[in-house]
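Undergrad: based on what follows, work out the 3D shape:
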Amino acid sequence: MEPQVVEREDAPIRVLVVDDHVILRQGIREMLNKEQDFQVIAEAENEKEALSLNTKLKPDIVLVGIALDHVSGMTTAKQLLRSSPETRVVLYAGSNDEQLLFEAVRIGVHGYLQKTLSIEDLGVASRTLR
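TA: Numbering: from 1, shown residues only. Okay, here's the model as predicted:
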């Protein structure tokens, strides 16, 4: 029997960051970890790592870059949603492509953010998913 994860109101929001660019993962990690109510618990550079870490660590939120090497972030988001329906999956993109936004909504992601957002805006958006 697996132990139950009990969420406390004062517990940090646990985040997994998925992006194939190290600098983006590190930047998001550094900025979110400066916020008292966030904890980046892991980073993944591809879909395989993301699925494994998601299953193992059970983060509250998975931030997924829309453009990953070899497989799209959209495909990764679909797999995460399928394998872990309780996890909040948020896509982030560098472009304002309405087709991607509509596809993200269609597959059921919990958020779709632009890379142009400030860390404060990312925090506000992520806090609403708790």
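
Undergrad: quick one, strands of the protein?
TA: 13-18, 38-44, 61-65, 88-93, 111-114 (DSSP state E).

Undergrad: dump those strands into JSON lines; add distance to T75 and mean pLDDT as well.
TA: All C-beta spots, glycine's among them, are computed from the backbone N, C-alpha and C. JSON lines is the format used below for the strands of the chain (distance: least, Cβ to Cβ, whole Å; pLDDT from 0 to 100):
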{"stretch": "strand 13-18", "distance to T75": "12", "mean pLDDT": "96"}
{"stretch": "strand 38-44", "distance to T75": "14", "mean pLDDT": "96"}
{"stretch": "strand 61-65", "distance to T75": "10", "mean pLDDT": "94"}
{"stretch": "strand 88-93", "distance to T75": "11", "mean pLDDT": "91"}
{"stretch": "strand 111-114", "distance to T75": "15", "mean pLDDT": "86"}
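
Undergrad: could I get these as CSV with mean neighbour count and distance to F102?
TA: Listed next are those as CSV, based on neighbours: other Cβ atoms under 10 Å; distance: least, Cβ to Cβ, whole Å:
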stretch, mean neighbour count, distance to F102
strand 13-18, 24, 21
strand 38-44, 20, 26
strand 61-65, 26, 17
strand 88-93, 23, 12
strand 111-114, 16, 10
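
Undergrad: from R14, how far off is the residue nearest the centre of the chain?
TA: Here the mean C-alpha position of the chain is nearest to the C-alpha of L63 (Cα atoms, centre = their mean), at a distance of 1.6 Å. Here the criterion is Cβ to Cβ, to the nearest Å. By it, L63 lies 12 Å from R14.
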